[in-house]
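Enquirer: sequence plus predicted model, see below.
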Amino acid sequence: MDHKENILTFPSLYRETVSKYGNNNAYAFVGGKPIDFNEAYRRINAISALLGKAGIEKGDRVALLSANMPNWAIAYFGITFMGAVVVPLLPDFSPNEVSNILVHSEAKGIFISSQLIPKLDRKCSDKLQTAIITDDFSIYFSNDESLKYDPTDVPSSEYAVDEEDIASIVYTSGTTGRSKGVMLTHKNICYNALKGRKIQWVDGNDTFLSLLPLSHTYENTLGLILPMIGASCVYYLRKPPTPSVLMPALKEVRPTTVLSVPLIAEKIYFGKIMKTFNKNLAIRTIYKIPFFRKRLNKVAGKKLLETFGGNLRFFGVGGAKLNTTIERFFKEAGFPHAIGYGLTETSPLIAGTSPYKTVIDSTGPAIEGVQIKINEPDSNGEGEIWVKGPSVMKGYYKEPEMTAEVMTEDGWFKTGDLGVIDSKSNLFIKGRLKNMIVGSSGENIYPEEIESIINNFKFVIESLVVQKKGKLVAMVHINMEEFENRYDHLKGIAERLEEKRNELLNELKEYVNHNVSKYCRINQVVLQPVPFQKTATQKIKRFLYSK
């Protein structure tokens, strides 16, 4: 199905899918019966009609605060088909953040799933007139008491939607603490999804299993718009993707496509693969020899594919850097992983590759039609990554000054990420410009690079490197359960366990300092007793820990 490049709006692309593949399955809960694109299209129009009766007009903002479900997609398209602007909110936003965003966006309506109602303060904004429960489209409150969802309804007027119309305002809590509303047009998102399809072709034979919040641009563009263009079916979980929920779902759905963040990949690797290899001393020993490691990884890769249902063709990893050891495992295991790089402001995909074309530690080359340049590179070719192309945002909502800070007059977007491009056009991310630490002699220290070494150390789940009083300090969260199991014979002897823990931290410090350059050496390792607070894509909120 080849989409004309000149009609990049959701209603236009959706109608094309419906006209050719209307009987294809579109959306379902795991364990439920899918609805096809014809039925989904009817429901979308019924939602547009409902919003029209609620007084929503073209350009009005309508928030969407909901757990992932088929009706999330119906609500999203129902809002945007009429030229209104969807404001997707992350389910883990605090009630305060939800209120702030509703006020800032001046949303006139909201779709909210029943379990998230406690996060909504209906009095926070006098603009908010209507709330609709996403689970069944019943009315939670409205200025019009007769308002009611009718699945057979159609909009009373024709809506003209243009490519340059704002489709979505995405608020990112981000890692810097201040929310910004990223304005993305229909063309921004549709263009990005179509180019994503050039990297990995999807069609009616593909089945997606959705694990990440749909309100995040990564899942939204590549996990909702892309399968809509390809007429593929998407399955949603009713509960968060813990192993006990995920394993049976994978067996049942047998997906071809899964989008993931490094945290999910890490849980699979450390929780499943390494646990098996570490059980037996002989295997643990021969695993250190590259020849045997590669063979063991090949066997583990086959088993992992079976765990995923046996049909997996694309396991996308984005949102943050993937641990090098895990990436090497995926490569040696023949597991169909692909790495991508993007930002909300770029709808999101900037660079990416298809499975089996990945280059270790690289995000691959720029996607078709998008330009990347390294601005003012240093002697190593490193500098800030700048991006230009049709999927770059219109700007930050109501924030012209903030927009001017990141957009040049000739259309380049400054990502705030540091990177380098090799001779084959592959992009390598070095870290965030804001995270970069300047050493005592003026050296550039990228904490992410030190963290990737720390995270390969035994028992370490995650880490954060910060500068305190001019010295580098590593905050480390370890897997206490695994640690205590290893020293099972010391259970109940608190002092001995404490001793072993201190030994581990000292050993870790020596290991890191042996593997980094002189100016990147750690002065102190401290235990982080609880997991770090994270953003939607599971990136640690650094600003909370760098004070």
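Expert: Okay, I see it. In this text the structure is predicted, and so the values were computed from the model without any measurement.
Enquirer: give me the domain ranges for the chain.
Expert: As given by automatic domain parsing, the domain ranges for the chain are 10-230, 261-432, 441-544.
Enquirer: now what about stretch 433-450, what contacts it?
Expert: In this structure, residues lying in contact with stretch 433-450 by C-beta atoms under 8 Å, 6 or more residues apart in numbering are 176, 321, 378, 382, 384, 416-418, 430-432, 464-467, 470, 472, 474, 512, 516, 519-520, 522, 542. (Each C-beta comes from the backbone N, C-alpha and C, glycine too.)
Enquirer: which of those residues count as buried?
Expert: 321, 382, 384, 417-418, 430-432, 464-466, 472, 474, 512, 516, 520, 522, 542 (16 or more other C-beta atoms under 10 Å).
Enquirer: strands - which of the residues you listed land there?
Expert: Judged by DSSP state E, the subset of the buried ones among the contacts of stretch 433-450 located in strands is Glu384, Asp417, Leu418, Lys430, Gly431, Arg432, Leu464, Val465, Val466, Leu472, Ala474.
Enquirer: was I right about the fourth one contacting Val420?
Expert: Yes - Lys430 is in contact with Val420 according to C-beta atoms under 8 Å; the separation is 6.6 Å.
Enquirer: closest one of the ones in strands among the buried ones among the contacts of stretch 433-450 to Leu237?
Expert: Leu464 (29.4 Å; C-beta to C-beta).
Enquirer: give the contact list for the closest one.
Expert: Pro447, Glu451, Ala474, Met475, Gln528, Phe532, Ile540, Arg542, Tyr545.
Enquirer: if you set the cut-off to 6 Å instead, what comes out?
Expert: Met475, Ile540, Tyr545 (C-beta atoms under 6 Å, 6 or more residues apart in numbering).
Enquirer: likewise for Gly389?
Expert: Gly369, Val370, Gln371.
Enquirer: give the other helices and strands that the biggest helix by length in the chain contacts.
Expert: Of all the segments of type helix in the chain, defined by DSSP state H, the longest one is helix 494-515. Applying 3 or more C-beta pairs under 6 Å, 6 or more residues apart in numbering; DSSP states H and E, one finds that helix 494-515 contacts helix 447-454, strand 524-527.
Enquirer: what residues does the shortest one touch?
Expert: Okay, so that is strand 524-527. Contacts to strand 524-527, defined as C-beta under 6 Å, 6+ apart, come from residues Val473, Ala474, Met475, Val476, Leu505, Leu508, Lys509.
Enquirer: columns pLDDT and distance to Ile7 on top of the residues you listed, output as TSV?
Expert: TSV is the format used below for those (pLDDT from 0 to 100; distance: C-beta to C-beta, whole Å):
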residue	pLDDT	distance to Ile7
Val473	95	54
Ala474	96	52
Met475	96	50
Val476	96	52
Leu505	94	59
Leu508	95	56
Lys509	95	58
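Enquirer: could I get those as a markdown table with distance to Ile44?
Expert: Below are these laid out as a markdown table (distance: C-beta to C-beta, whole Å):
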| residue | distance to Ile44 |
| --- | --- |
| Val473 | 52 |
| Ala474 | 50 |
| Met475 | 47 |
| Val476 | 48 |
| Leu505 | 55 |
| Leu508 | 53 |
| Lys509 | 56 |
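Enquirer: ok, those residues vs Ile225, which is closest?
Expert: Met475 (37.7 Å).
Enquirer: from Leu418, how far out is that closest one?
Expert: Distance, Met475 to Leu418, using C-beta to C-beta, to the nearest Å: 22 Å.
Enquirer: cool, Gln467 as well?
Expert: From Gln467 to Leu418 the distance is 17 Å (C-beta to C-beta).
Enquirer: quick one: contacts for the closest residue to Leu116 other than its chain neighbours?
Expert: Setting aside the residues directly before and after it, Leu116 is nearest to Leu65 in space (C-beta to C-beta, 6 or more residues apart in numbering), at 5.4 Å. By C-beta under 6 Å, 6+ apart, the residues touching Leu65 are Leu89, Ile112, Leu116.
Enquirer: lowest mean pLDDT across the domains of the chain, which one is that?
Expert: Per-stretch mean pLDDT for the domains of the chain is lowest at domain 441-544 (a mean of 87).
Enquirer: tell me, how many residues neighbour Gly439?
Expert: 16 (other C-beta atoms under 10 Å).
Enquirer: what's the pLDDT at it?
Expert: 79.
Enquirer: pull up the gap between it and Ser517, please.
Expert: Gly439 is 10 Å from Ser517, by C-beta to C-beta.
Enquirer: swap in Thr207?
Expert: With C-beta to C-beta as the criterion, Thr207 and Ser517 are 46 Å apart.
Enquirer: how about Lys148?
Expert: Lys148 is 66 Å from Ser517, by C-beta to C-beta.
Enquirer: for Leu304, same thing?
Expert: In terms of C-beta to C-beta, Leu304 sits 35 Å off from Ser517.
Enquirer: and Met228, which helix or strand is it part of?
Expert: helix 226-230 (DSSP states H and E).
Enquirer: Ile132 contacts Phe111, doesn't it?
Expert: Yes - Ile132 sits in contact with Phe111 when judged by C-beta atoms under 6 Å, with a separation of 5.1 Å.
Enquirer: which parts of the stretch 201-350 of the chain are strands?
Expert: 207-210, 233-236, 257-260, 314-317, 337-342, 349-352 (DSSP state E, counting those that start in this stretch).
Enquirer: please identify the deepest-packed of the ones you listed.
Expert: strand 349-352 (a mean of 27; mean count of other C-beta atoms under 10 Å).
Enquirer: so which elements touch that one?
Expert: Strand 349-352 packs on helix 186-199, strand 337-342, going by 3+ C-beta pairs under 6 Å, 6+ apart.
Enquirer: quick one: closest of those to Pro255.
Expert: strand 337-342 (14.0 Å).
Enquirer: run through the neighbouring helices and strands of the closest one.
Expert: For strand 337-342, the packing partners by 3+ C-beta pairs under 6 Å, 6+ apart are strand 314-317, strand 349-352.
Enquirer: residues in contact with the last one?
Expert: What it means is strand 349-352. For strand 349-352, contacts defined as C-beta under 6 Å, 6+ apart pick out 192, 196, 199, 340-342, 363-367, 387, 427.
Enquirer: need the residues you listed in a markdown table (columns: distance to Val460).
Expert: Formatted as a markdown table, those follow (distance: C-beta to C-beta, whole Å):
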| residue | distance to Val460 |
| --- | --- |
| Asn192 | 35 |
| Gly196 | 33 |
| Ile199 | 32 |
| Gly340 | 25 |
| Tyr341 | 24 |
| Gly342 | 27 |
| Thr363 | 24 |
| Gly364 | 27 |
| Pro365 | 32 |
| Ala366 | 33 |
| Ile367 | 33 |
| Val387 | 33 |
| Leu427 | 27 |
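Enquirer: by neighbours, which of those residues wins?
Expert: That'd be Asn192 among the contacts of strand 349-352, by other C-beta under 10 Å, with 30 neighbours.
Enquirer: could you pull up phi and psi at the residue nearest to Gln115 when sequence neighbours are not counted?
Expert: Nearest non-adjacent residue to Gln115, counting by C-beta to C-beta, 6+ apart: Ala67, 6.4 Å away. Ala67 adopts backbone torsions of phi -70, psi 160, taken as degrees, to the nearest 10.
Enquirer: from Phe141, how far out is Ala67?
Expert: 20 Å.
Enquirer: the more surrounded of those two?
Expert: Neighbours of Ala67 and Phe141, each counted by other C-beta under 10 Å, are more numerous for Ala67; the result is 22 against 14.
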